[in-house]
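Colleague: when you get a sec, could you give me coordinates for this:
(one chain, ligands or ions: 1)
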Amino acid sequence: MTREAAGVPGDDDGDSVVYDLDADCTADDVERNQPYLAEINGIVDYGVFVDLSESVSGLVHESVLEGTYAVGDELVVELETVRDNGDLAFEPADIDVEGDEYTVEGISHDYTLTGTNRLESSIGEQIHVEGEVVQVKQTGGPTIFHITDEFGVVPCAAFEEAGVRAYPQVEVGDVVRVTGTPEHREGSVQIEVDGLSKLEGEIAEEARERLDTALEERAEPHDVDSLIDWPAFEKLRPNLEEVATLLRRTVLEGRPIRVRHHADGDGMCAAVPVQIALERFIADVHEDENAPQHLIKRLPAKAPFYEMEDATRDLNFALEDREKHGQQLPLLLMLDNGSTAEDVPAYEALTHYDIPIVAIDHHHPDPDAVGDLLDAHVNPYLHDEDYRITTGMLCVELARMIYPDITDELRHVPAVAGLSDRSKADALDDYIELAADEGYDEDRLQDVSEALDYAAFWLRYNSGDQLIQDLLQIDSDDEQRHRELISFFANRAREEVDEQLDAAMSHLEHEDLDNGAHLYRIDVENYAHRFTYPAPGKTTGEIHDRKIEETGDPVITVGYGPDFAVLRSDGVRLDIPQMVSELEDEVPGGGVSGGGHLVVGSIKFVKGKREDVIDALVEKMEEAEIDEALSSAAPIDDD
Ligand code: MN
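Modeller: Numbering: from 1, shown residues only. Predicted coordinates for the structure are as follows:
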């Protein structure tokens, strides 16, 4: 019990002290032989009822009363007896009330807090927890308040009436004090709430300060040594650590995370390790064992940028989750995607809400366009490096900073990422060596890469969580099945590519450009199978690769359909975004849009203007300079 001076009516020289219980005091705070300020709340034949606090009240029997009383009168009482049924009886205290010769001291309830790290040892006992509300979910039964303190997040069930919101004045973001009993529930620990109150004023500030300090410490990423020695990579480390901090903080705050990643091999090598690292960290932080599946969702993005379709869907899901599950709006994590001007409209759609955006990418960025929209942006081009540091390589280190125990499962992943994007980094050899120590020779790594690409195609808009984990052999230990599964998928992929090219190659149109490059054109609409693997982008890419190998010269390949063209080039200094913006002006009514990277990209136009657009395009390619040094100076996106 704590006592503090609360007010001094009358003279200050009185010897007597009268105690005034705070509203939240319980019978435990009442001591014998001490005077308490009470208020009369009812009068009956046999005495008066008095309140000492919200939950402390009792009878003063008429046999010990003198004079007349009215409801609302103050009375100074002391505890006479506690009856067997718990009812309290009081009697007037022996004190000179009329003379006002006493000092009033406030009594606040004794809340000894129990940290959420000690719930297991307090099962079945009433405890007090102080923390911030991070989610309020109304079920058909109780209201579940998810509350975080310095140690973790615990669900607290408060029951008002089935399906009725308990404590409607308490919202996400409030700092509260919960009195309740921890119980086991479906494999998790949950606190059954007896009382829940919003902290105000100084007490709330103090609690918030304590929580913030603890949160900042716990958000610190782990200091891990990189898997390989790579000075170029080290330039990006501070940036990655910043993102690791932000993501850990997001988990500690109970905010959901939505991951959107490029639907290719590198994109999956980036997204899956981060997803699993975050899931494990969420499981450590949250008592609710379902928290990992509710708080992180990974979805592929088909385009090499954040499409408006994806953004509106993401936004709608986020708003629905807030409405249905009382969740906070998510943080959006863009991986192997999200650095260009094409991402801007979708990002802008999200800025109308509190949705932080983080992008980790190695596609040529447009920091002027996206800089202000991103809360963090990691991209090798921002540090005078380039696509050779792939997003998968970056994100394996990020995953380790978030949850270092995952390291042993990830050593082969950067090599898969590098091979998928055909990174020409010298460091790729070190990664391949690292993978070899784990039993992955280069053929097996290539198979994983092909299998991922093939699976991504058929999964379409599905994340394929389990299958992709099995293909990447993360959080999965059946090695024999892994070898069989990836070679099955990889062989299927190769056979289907061969079938596609068998038909397409004889329809290839060749032209020697004035600048010395070969130009190959293929009508993928009429001379390739549609709606099957490989898609037009990859079909064009495969043709392109065969022609580079065959000729050894600079090559440009254009695969076109009725209203789109896919471009691939090697050894030619193209600037596709620039070409697209020129075409917009030069072909009026062409409806030209698109872009991508300098030498790999795609263009859309209206069907009726296809000839004009492609003719203009070829003219530009003819003007382009030959530049061996630029060979493949971009990630390979086969969409
Ligand atoms: Mn990539």
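Colleague: next helix or strand past the helix or strand where residue 409 lies?
Modeller: Assigned by DSSP states H and E, residue 409 falls within helix 407-410. Sequence order places helix 413-420 as the next helix or strand after helix 407-410, per DSSP H and E.
Colleague: close to the ion, is that next one?
Modeller: No: against the ion, helix 413-420 shows no contacts by CB under 5 Å from the ion, the least distance being 7.3 Å. The way it works is simple: take the backbone N, C-alpha and C, and place the C-beta from them, glycine included.
Colleague: what lies in contact with the helix or strand following that helix?
Modeller: Next along the chain after helix 413-420, taking DSSP H and E as the criterion, comes helix 427-437. Applying CB atoms under 8 Å, 6 or more residues apart in numbering, the external contacts of helix 427-437 come out as 227-230, 232-233, 388, 393, 411-412, 414-416, 418-419, 442, 445.
Colleague: let's see helix 427-437 as PDB, backbone CA atoms only.
Modeller: The C-alpha coordinates for helix 427-437 follow below in PDB (Å, rounded to 0.1, in the frame of the first residue of the first chain):
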ATOM      1  CA  ALA A 427      31.300 -12.900 -55.000                       C
ATOM      2  CA  LEU A 428      28.800 -15.300 -56.500                       C
ATOM      3  CA  ASP A 429      31.700 -17.800 -56.600                       C
ATOM      4  CA  ASP A 430      32.100 -17.500 -52.900                       C
ATOM      5  CA  TYR A 431      28.400 -18.000 -52.400                       C
ATOM      6  CA  ILE A 432      28.500 -21.100 -54.700                       C
ATOM      7  CA  GLU A 433      31.400 -22.400 -52.600                       C
ATOM      8  CA  LEU A 434      29.400 -21.800 -49.400                       C
ATOM      9  CA  ALA A 435      26.500 -23.700 -50.900                       C
ATOM     10  CA  ALA A 436      28.700 -26.600 -52.000                       C
ATOM     11  CA  ASP A 437      29.700 -27.100 -48.300                       C
END
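Colleague: how far does it sit from the chain's center?
Modeller: When C-alpha coordinates are averaged (CA atoms, centre = their mean, to the nearest Å), helix 427-437 and its chain have centres 30 Å apart.
Colleague: report the buried members of the contacts of helix 427-437.
Modeller: Buried members of the contacts of helix 427-437, scored by 16 or more other CB atoms under 10 Å, are 227-228, 230, 232-233, 388, 393, 411-412, 414-416, 418-419, 445.
Colleague: show me which of the residues you listed is closest to residue 526.
Modeller: residue 419 (32.5 Å; CB to CB).
Colleague: show me the contacts for the closest one.
Modeller: 265, 428, 432, 442, 445-446, 449.
Colleague: who wins for neighbours among the residues you listed?
Modeller: The residue in the contacts of residue 419 with the most neighbours, by other CB atoms under 10 Å, is residue 265 (30 neighbours).
Colleague: now do the contacts for it.
Modeller: Residues in contact with residue 265 (CB under 8 Å, 6+ apart) are 392, 416-417, 419-421, 448-449, 452-453, 456.
Colleague: farthest-apart pair in these, please.
Modeller: Greatest spatial distance among the contacts of residue 265 (CB to CB): 419 and 456, at 15.1 Å.
Colleague: any idea which element residue 450 lies in?
Modeller: Using DSSP H and E, residue 450 sits within helix 442-459.
Colleague: residues in contact with the helix or strand just after that helix?
Modeller: Past helix 442-459, further along toward the C-terminus, the next helix or strand under DSSP H and E is helix 465-472. By CB under 8 Å, 6+ apart, the surrounding residues in contact with helix 465-472 are 268-269, 272, 275-276, 298, 413, 416, 448, 451-452, 455, 459, 475-476, 481-482, 485-486, 489.
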